[in-house]
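*Asks:* Sequence and computational prediction follow.
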Amino acid sequence: MNVVPEFPIVYVRGFAGGTSGIDSAADDPFYGFNLGATHVRVGGDGSPQFYQFAGPMVRLMQDEDYEVLIHGDQHAYLNNVASRTLPAKSVWIYRFYDSAADTFGTRAVQYDLPTAADLLLPFVQLVLDRTAASKVWLVAHSMGGLICRSMIQRSCPNQGVRAADLIDRFFTYATPHNGIEFSVAHLQIPVPELAPVGAEIFNREVMYHYLTPDAQRQEEKPADWDAHDITSFDPQRVFCLVGTNAGDYGLVSKVVGPKSDGLVQIDNAYVHHAARAYVHRSHSGRYGVVNSEEGYQNLRRFLFGSRKVTVELINATDPPSGDGKDTDVWQAEVTASIRGLPVLITDEVAAHYCPIPLGQVSGPDSVAVAATPLATVFLLDPERQAAAARDHDIPGTPISERARYSVSIRVLHLQQKHGFLFFGNHLETVPEWSDHLIVDVGPDPDTGQERLWAAWTSEVATPLASNDPISPEPREPTASHDGVYTFDIGLPRVAAANILGDNAAIRLTAQPWD
C-alpha cells in the first residue's frame, strides 16, 4: 500500500465582483469552499434528483482526515501558536478579500490582485512553519488561480524564493489562465484594460504585468508572450479542471458564448503541458465546478493518487477522405469513468464543444500522424481504497482490491464543402466507430504483484458489474523503466482496418505519482 503524502491545503477563492459580492465572500468563514448541494441537475425522468454533496472541504475531512483549524481568527491563530505544533493534514483559507469588505466596521480598501499575490507568499510560509510540512498544496477557483500564478511567477522571483520549494501541487477550478473574452459576431473581444469592479485583471495586457517578475517585465507585453505558459513552476505539477456548461451560469454566458463554463471560455481555462479534465459544469454556484462530484473526485485523485495514467492514440493514419474534392473532418469524443463513482472523471464530447481533433483530410492519401493525447487520469491506490471500504462499510464501494476503469472513445466524421459543413451523407449522433476500453488494475491472484487487465467491451462477455476479470490473462507491458509502464492495446478490427489503420492502438502509460 502506497504511503499518502501529508501536505497542508491552501484554498484561494475566485472573483467576487463589487462591494456586495466582496462582503458576501468575507462573511463566509470558508470563502465558498464548504458549499454543498442536495440535488444534481437532471435525473433519468428529466427532473432534478436528490443527491447530497457535502462540499469539498467536508469531503476532505471525511475521506482524508483533514482538519480545519479556525479559532476565532485564522490568521491570528497562526501567528500565536508555536512553530511545528499544527498538523500537516489541515485546510487553510487565504482570506485576501477581508480588507476590501465593509462588514467589519472599518474603512474598506480597494482590492488589488498583485498585493493579494504578494501577501499569499508569507501566508504560505507561515502555514509551513506552523505545520512543519515541507510544502503545501494550492487549490484555487477562478481568479484565485491567477493570484497563485502571480505569487509563483512574480512574487517568488522578486523575493528570491523558488516556488517549487514551497508548493508540491497546484489545482485550479475554472481559472481564466488566458484571460476572459466576449464572443461577438464571431470575434473574440477581451475584457478591456479599464473595466467595472476591477474586472480588468482578466485582460491579457494587465495579466502580463502581474504574471511577470520585475526583472523581466517590459513596459509593453511582448508579442510572443502567452498567458497559457506557466513559469517558475513545473506544469506537470498542475491540474486544470475545465467547465463546459455555459447554460447554468446566467446572462453573462450569452456574451461569453456557449464554448465556455458561462464565464471562462474552454480554450482559456488551462496552462500548457498541465493535466486537465473537462466536466459539464458551470463556472460557479450550486451547479458549478467547485461544488461538484466531478470536481472533487479529480481534486482528490490529483492530490492523493498514487498513479498518473496518460491515454494516447498512437500509430494512427489520417482517416480516409471522400472523393478528394471536399474536406473530411475527424474528431474523437473521449470520456473516462471509474467504478463506484456516479460521474464521469472527464467528458470531452462535441455536444459540449470540446471534441479532440484527429485531423482534416482533403485528399485520398493517408499519412501517419503523431500520437494524439486523449486523457490524463490520476488513480487512488486500489488496496487503500478497498481497505477504507472494509473499515467504514461504505455502501456502493467495491471491496475488491482490483480497481476498474473505463475509457470510452467515439470517432466522428464530418464533411465540408466550400468551407461549410455538408450534411448530405450525415447520420446525426452516429459515430464511424465507438467502443469502451475496460481496464482492471490490482494484485495478481498468483503472485500478489500489481498487474493490468484490459479489453474492449465489444470483445468481452463478462458482466461489467461483476468482480470477474475483464480478460483471462493480465497484459504484459510494451515497455517499462524506472517504475513507468507502457501498455499498447490494439483497436478492434473494425476501427483498425477501416478508419485509423492496422497499426493504430491506445497507449496507456502508468507512472508513480509522488
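*Replies:* Yes, it's here. All figures in this text were calculated on a predicted structure; none of them were measured in a lab.
*Asks:* any idea how far Ala496 is from the spatially closest residue to Gly424 that is not a sequence neighbour?
*Replies:* Take Gly424 and drop its neighbours on the chain: the residue closest to it by C-beta to C-beta, 6 or more residues apart in numbering is Gln415, 8.0 Å away. (Each C-beta comes from the backbone N, C-alpha and C, glycine too.) The span separating Gln415 from Ala496 equals 22 Å under the rule C-beta to C-beta, to the nearest Å.
*Asks:* swap in Val109?
*Replies:* 63 Å.
*Asks:* of those two, who's got more company?
*Replies:* Set Val109 next to Ala496 and count neighbours by other C-beta atoms under 10 Å: Ala496 wins out with 18 against 11.
*Asks:* from what I can see the more buried one touches Gly490, true?
*Replies:* Yes: judged on C-beta atoms under 8 Å, Ala496 makes contact with Gly490 at a distance of 6.6 Å.
*Asks:* got any residues that touch both of these two?
*Replies:* Ala504 (C-beta atoms under 8 Å, 6 or more residues apart in numbering).
*Asks:* what comes up buried for stretch 169-185?
*Replies:* 169-183 (16 or more other C-beta atoms under 10 Å).
*Asks:* tell me which of the residues you listed is nearest to Ile152?
*Replies:* Phe170 (7.6 Å; C-beta to C-beta).
*Asks:* chain center to the helix or strand containing that closest one: distance?
*Replies:* When elements are defined using DSSP states H and E, Phe170 is found to belong to strand 167-173. Strand 167-173 has its C-alpha centroid displaced from the chain centroid by 10 Å (C-alpha atoms, centre = their mean, to the nearest Å).
*Asks:* what ranges of the chain fall below the confidence cut-off?
*Replies:* 1-2, 42-46, 185, 318-325, 360-370, 385-400, 497 (pLDDT under 70).
*Asks:* would you put the C-alpha positions of the biggest helix by length in it in CSV?
*Replies:* Longest helix in the chain, counting residues (DSSP state H): helix 113-131. This file holds the C-alpha atoms of helix 113-131, laid out as CSV (Å, rounded to 0.1, in the frame of the first residue of the first chain):
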residue,chain,number,x,y,z
LEU,A,113,-4.5,41.3,-7.2
PRO,A,114,-0.7,41.8,-7.2
THR,A,115,-0.9,42.7,-3.5
ALA,A,116,-3.0,39.6,-2.8
ALA,A,117,-0.3,37.6,-4.5
ASP,A,118,2.5,39.2,-2.6
LEU,A,119,0.7,38.5,0.7
LEU,A,120,-0.1,34.9,-0.2
LEU,A,121,3.7,34.2,-0.1
PRO,A,122,4.2,35.0,3.6
PHE,A,123,0.8,33.2,4.4
VAL,A,124,2.1,30.0,2.8
GLN,A,125,5.4,30.3,4.6
LEU,A,126,3.5,30.8,7.9
VAL,A,127,1.4,27.7,7.3
LEU,A,128,4.6,25.7,6.5
ASP,A,129,6.3,26.9,9.7
ARG,A,130,3.4,26.1,12.0
THR,A,131,2.8,22.7,10.5
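*Asks:* How about residues contacting that helix?
*Replies:* 8, 10, 12, 75, 78-79, 81-88, 90, 92, 94, 96, 133-136, 138, 143, 146-148, 150-151, 154-156, 159, 161, 166-167, 198, 201, 209-210.
*Asks:* quick one, strands of the stretch 1-150 of the chain?
*Replies:* 9-12, 37-40, 49-53, 67-68, 90-93, 136-141 (DSSP state E, counting those that start in this stretch).
*Asks:* want to try a markdown table for those, with distance to Thr244 and mean neighbour count as columns?
*Replies:* Output for those, formatted as a markdown table (distance: least, C-beta to C-beta, whole Å; neighbours: other C-beta atoms under 10 Å):
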| stretch | distance to Thr244 | mean neighbour count |
| --- | --- | --- |
| strand 9-12 | 23 | 26 |
| strand 37-40 | 16 | 16 |
| strand 49-53 | 19 | 13 |
| strand 67-68 | 31 | 16 |
| strand 90-93 | 27 | 22 |
| strand 136-141 | 16 | 26 |
